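Student: only the shape, not the letters, is given here:
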């Protein structure tokens, strides 16, 4: 599988659960399968479309996260990714 194509995002604040963080403090991470299912279900429930190859801000209401928002990115040929605080990234070289 090829490297994840990073979406061009302007400087600004982006959501992660119930807070917004500056882009400099965030990293694009692979979404765990269980969370991916939840995000897809929430998008369908809210009538939101997950557009492949385009960053999408999704709002979710769940027992696990309460009222939360995530910026997801699901490029074709790759698993779903999301912006999260950089300390969530694993395997940094």
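Tutor: Nice, thanks for sending it over. Here the structure is a predicted model, which means the values were calculated and not measured. Residues are numbered from 1 along each chain as shown.

Student: toward the C-terminus, what is the element adjacent to the worst-scoring helix or strand of the chain on mean pLDDT?
Tutor: One helix or strand of the chain scores below all others by mean pLDDT, DSSP states H and E: strand 56-62, with a mean of 87. Using DSSP states H and E, the next helix or strand after strand 56-62 towards the C-terminus is strand 66-73.

Student: ok, and what's touching that following strand?
Tutor: Residues outside strand 66-73 that contact it (Cβ atoms under 8 Å, 6 or more residues apart in numbering) are 7, 14-18, 28, 31, 39, 50, 54-62, 80-83. Every residue, glycine included, has its C-beta placed from N, CA and C.

Student: repeat that for stretch 23-34.
Tutor: Residues outside stretch 23-34 that contact it (Cβ under 8 Å, 6+ apart) are 4, 6-7, 9-14, 16, 39, 72-73, 79-86, 88-90.

Student: now with 6 Å?
Tutor: Around stretch 23-34, the neighbours that count as contacts under Cβ atoms under 6 Å, 6 or more residues apart in numbering are 9, 11, 14, 79-84, 86, 88-89.

Student: count the residues that sit near residue 39.
Tutor: Number of residues near residue 39 (other Cβ atoms under 10 Å) recorded here: 22.

Student: please report phi then psi for it.
Tutor: When quoted as degrees, to the nearest 10, the phi and psi of residue 39 stand at phi -60, psi -40.

Student: look up how far residue 17 lies from it.
Tutor: Between residue 39 and residue 17 the distance is 12 Å, computed by Cβ to Cβ, to the nearest Å.

Student: what does residue 85 give?
Tutor: Distance of residue 85 to residue 17, computed by Cβ to Cβ: 10 Å.

Student: cool, and residue 67?
Tutor: In terms of Cβ to Cβ, residue 67 sits 9 Å off from residue 17.
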